[in-house]
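Undergrad: Give the three-dimensional model of this entry:
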Amino acid sequence: MATASIRLESSLVEKAKIMAQVLDRSVPKQIEHWAKIGEIMEANPELSYQFVKQALIAQAEAEADQLVPYEFD
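TA: Next comes the predicted model:
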């Protein structure tokens, strides 16, 4: 993976530090996460944040072979 140094507002980095600590991520990974969500939301403005979040969770579960079949009542 290629890396690049960029300048970010210190307030954004401080917010990322807090969220990274809460979500057990590094600061760069937290900023990458926000960028990924922003990219998806811009490409799909009709989707809600909750839908995008659940889709990312489902994708991660599939990649970890942790899908559970849904049981209809």
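Undergrad: What is the helix or strand E61 falls within packed up against?
TA: Element membership for E61, per DSSP states H and E: helix 49-63. Applying 3 or more C-beta pairs under 8 Å, 6 or more residues apart in numbering; DSSP states H and E, we find helix 49-63 packed against helix 27-43. (C-beta placed from N, C-alpha, C; glycine too.)
Undergrad: Just list the residues touching the residue nearest to the spatial centre of the chain, thanks.
TA: Against the mean C-alpha coordinate of the chain, by C-alpha atoms, centre = their mean, the closest residue is H33 at 3.6 Å. Counting by C-beta atoms under 8 Å, 6 or more residues apart in numbering, H33 makes contact with R25.
Undergrad: Before we move on, what's the pLDDT of it?
TA: Note for H33: predicted pLDDT of 95.
Undergrad: how much space between it and S10?
TA: 19 Å (C-beta to C-beta, to the nearest Å).
Undergrad: Which pLDDT value goes with G38?
TA: Note for G38: predicted pLDDT of 96.
Undergrad: show me what contacts it?
TA: Per C-beta under 8 Å, 6+ apart, neighbours of G38: none.
Undergrad: Please determine how far it is located from E71.
TA: From G38 to E71 the distance is 35 Å (C-beta to C-beta).
Undergrad: Equivalent analysis for V27, please.
TA: 40 Å.
Undergrad: before we move on, what about I6?
TA: Noted for I6: a distance of 46 Å to E71, by C-beta to C-beta.
Undergrad: what's next to the lowest-mean-pLDDT helix or strand in the chain, contact-wise?
TA: Here the helix or strand of the chain ranked lowest by mean pLDDT, DSSP states H and E is helix 49-63, holding a mean of 94. Helix 49-63 has contacts (C-beta under 8 Å, 6+ apart) with 36-37, 40-41, 44, 67.
Undergrad: Pipe those into JSON lines and attach distance to V52 per row.
TA: Listed next are these as JSON lines, based on distance: C-beta to C-beta, whole Å:
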{"residue": "K36", "distance to V52": "9"}
{"residue": "I37", "distance to V52": "6"}
{"residue": "I40", "distance to V52": "5"}
{"residue": "M41", "distance to V52": "6"}
{"residue": "N44", "distance to V52": "7"}
{"residue": "L67", "distance to V52": "18"}
